[in-house]
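Colleague: pasting a predicted model and its sequence here:
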Amino acid sequence: MENDNKKNFIIYDSTINEQNMQNKSINKDMEENMISNQHKKFCNFNLDDEINNKNTFNIKVIGIGGAGCNIIKNIAEKHPIAKKSASLYAFNTDKNSLKLLLGANVENIYLLDKENLLGYGSGGDPIIGQNAIKHDSAAIKEELKNTDVLFIIAGLGKGTGSGGAPELAKIAKELGILTVGIITMPSLACEGNYVYNNAYNALTKFKEYCNSVTTISNEKIINNEKGISFIQAYEKANDKIANIIEEIIDIIFNPSQINIDFADLKNFFTKNKFFMMVKTVFNESNAQKTELLEQVVKSVNESYSDIDIVEAKNIIINLKISNETASNIIEDIRKSFIGVTKNSSLSLVSGISSSNEKQLSLSALISGKIKTDFDNNLSFDSIDNEKDEQDNLKNFTNNLSEFDDNASYSTDKIEKKTEKHQFDDEIE
Ligand SMILES: Nc1nc2c(ncn2[C@@H]2O[C@H](COP(=O)(O)OP(=O)(O)OP(=O)(O)O)[C@@H](O)[C@H]2O)c(=O)[nH]1
Ligand SMILES: [Mg+2]
């Protein structure tokens, strides 16, 4: 029977009404009764629910648009911890994209603004994506009630994700939900001006409403992973995003001997507008300073994020070690991250648990700034309509400079100032 072995942990709240307790005329029975019925506050803590990660934190992951839905599918199929602990949602204006999710065991599939868009999609127009969320906002607000953490996932560049993700984050902000955005940025070389412009305008807006945002660059994957097909590059980005979510959820739910708690994560995400996550595994025998540093540098490079972690201020690490791991491991890891971030006063919060594996596994959330290194990645000579591309890039640097007043972005190659996209003017 389902409830037979349920164990209720009761946490006694000592805030007893002293005045009533001092009323000596109340007889013993009445007094006990009063204490149990009125003066004790109980917080029920059900172990089975805890084990199943239910009821403790209400975590939702919403993928919006084609890419967002593909990543939700990836999580549902390949990431059991996230699947078990969070409610997965797929939002789209395009019914064909949603059909791909059938069979993937995603519990919540929503066709946005069916009434007006009829399931045909947004036609690449972010205004339509934004209006679709506005149209369904009452139902979305209802669904998001009591949510502790919301992850919003999208591929920025076209209509539904670029217009819808910021609008969704805006609703979450109004409801006071801790909201973490994880998005892909498109490749200018592959997808061109319109898409790239949409993506940067959407990101400008999105980051205003999210507590914290990280990005994965499709372009970096395409450029750096040699011999990989276009589809494989997208899948690699999808894997990375699904891993980030799985890892954060693991930190929230899995108790470790030296624990990071939910408040640590909340602090991290509310203090840092941008973050990057890296994950790496290394052998016990390699856990020497130099190898550690190499491994950390490699994992940062392979994050394919647009986040710059030089001068990062905060870092949360989640480490799984063996019983034999040397006691100075945390110090060495911190030094490795100081080496990468070049910030000697980097503040590190660590969660540590032991495992029977000989391999050590390390994941880290690192604060950062948004960066653009398109100057390095692109060869302007190869672009057909060079003037338009350069105008466009000027536009991006304008947008990006708003992210951080201290950030300096190279604009040497770009002379002409351009007007901002209309979408950008709507930022509130
Ligand atoms: N990594 C990754 N990126 C994707 C994937 N699909 C699309 N993208 C990227 O995300 C951007 C937006 O594409 P979609 O998510 O399909 O667009 P949408 O939000 O559905 O917008 P509309 O189809 O115009 O309504 C594209 O420009 C690509 O850069 C995917 O499966 N993985
Ligand atoms: Mg679409």
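Modeller: Done, it's in. Ligands and ions are numbered 1, 2, ... in the order given.
Colleague: which one of the residues in the stretch 101-250 of the chain is closest to ligand 1?
Modeller: Gly155 (2.2 Å; Cβ to the nearest ligand atom). Using the backbone N, CA and C atoms, a C-beta is placed for each residue, glycine as well.
Colleague: which phi and psi values does that residue adopt?
Modeller: phi -100, psi 120 (degrees, to the nearest 10).
Colleague: kindly report the same for Gln359.
Modeller: phi -90, psi 140.
Colleague: wait, what's in contact with the nearest residue to it once chain neighbours are set aside?
Modeller: With Cβ to Cβ, 6 or more residues apart in numbering as the criterion, Gln359 has its nearest non-adjacent residue at 5.2 Å, and that residue is Val281. Residues counted as contacts of Val281 (Cβ atoms under 8 Å, 6 or more residues apart in numbering) are Gln359, Leu360, Ser361, Leu362.
Colleague: same for the one helix or strand the second one maps to, what does it pack against?
Modeller: Which is Leu360. Assigned by DSSP states H and E, Leu360 belongs to strand 359-370. Where contact means 3 or more Cβ pairs under 8 Å, 6 or more residues apart in numbering; DSSP states H and E, strand 359-370 is packed against helix 230-253, helix 262-271, strand 274-283, strand 307-308, strand 314-321, helix 329-341.
Colleague: can you list the strands that the fifth one pairs with?
Modeller: So that's strand 314-321. strand 347-354 (parallel), strand 359-370 (antiparallel) (DSSP bridges).
Colleague: between those strands, which gets nearest to Ser336?
Modeller: Closest of those to Ser336 is strand 359-370, at 9.5 Å (criterion: Cβ to Cβ).
Colleague: and the nearest residue to the residue of the stretch 101-250 of the chain closest to ligand 1 once chain neighbours are set aside, helix, strand or coil?
Modeller: Closest residue to Gly155 apart from its sequence neighbours, by Cβ to Cβ, 6+ apart: Ala67 at 2.5 Å. The assignment at Ala67 comes out as helix when based on DSSP: H, G, I helix; E, B strand; the rest coil.
Colleague: ditto for the one 10 residues further on
Modeller: Taking three-state DSSP as the rule, one finds Glu77 in the helix state.
Colleague: please, a PyMOL command that selects the buried ones among the contacts of Val281?
Modeller: Entered in PyMOL, the line below selects the buried ones among these, by 16 or more other Cβ atoms under 10 Å:
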select buried, resi 360+362
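Colleague: so the residue of the stretch 101-250 of the chain closest to ligand 1 bridges to which residues?
Modeller: Counting by DSSP bridges, the residues bridging with Gly155 are Thr184.
Colleague: touching, it and Gly66? I think so.
Modeller: Yes. Taking contacts as Cβ atoms under 8 Å, Gly155 lies within contact range of Gly66: 6.7 Å.
Colleague: joint contacts of these two?
Modeller: Common contact partners of Gly155 and Gly66 (Cβ under 8 Å, 6+ apart): Gly161.
Colleague: what pLDDT is listed against Met34?
Modeller: On pLDDT, Met34 comes in at 45.
Colleague: repeat that for Lys6.
Modeller: 32.
Colleague: for the residue in the stretch 251-400 of the chain that ligand 1 sits nearest to, what are phi and psi?
Modeller: As assessed by Cβ to the nearest ligand atom, ligand 1 sits closest to Tyr304 within the stretch 251-400 of the chain, at 10.0 Å. The phi/psi pair for Tyr304 (degrees, to the nearest 10) reads phi 50, psi 40.
Colleague: so how far is Asn301 from the residue lying closest to it once chain neighbours are set aside?
Modeller: In space, and not counting its chain neighbours, Tyr304 is closest to Lys220: 4.2 Å by Cβ to Cβ, 6+ apart. For Lys220, the distance to Asn301 (Cβ to Cβ, to the nearest Å) stands at 9 Å.
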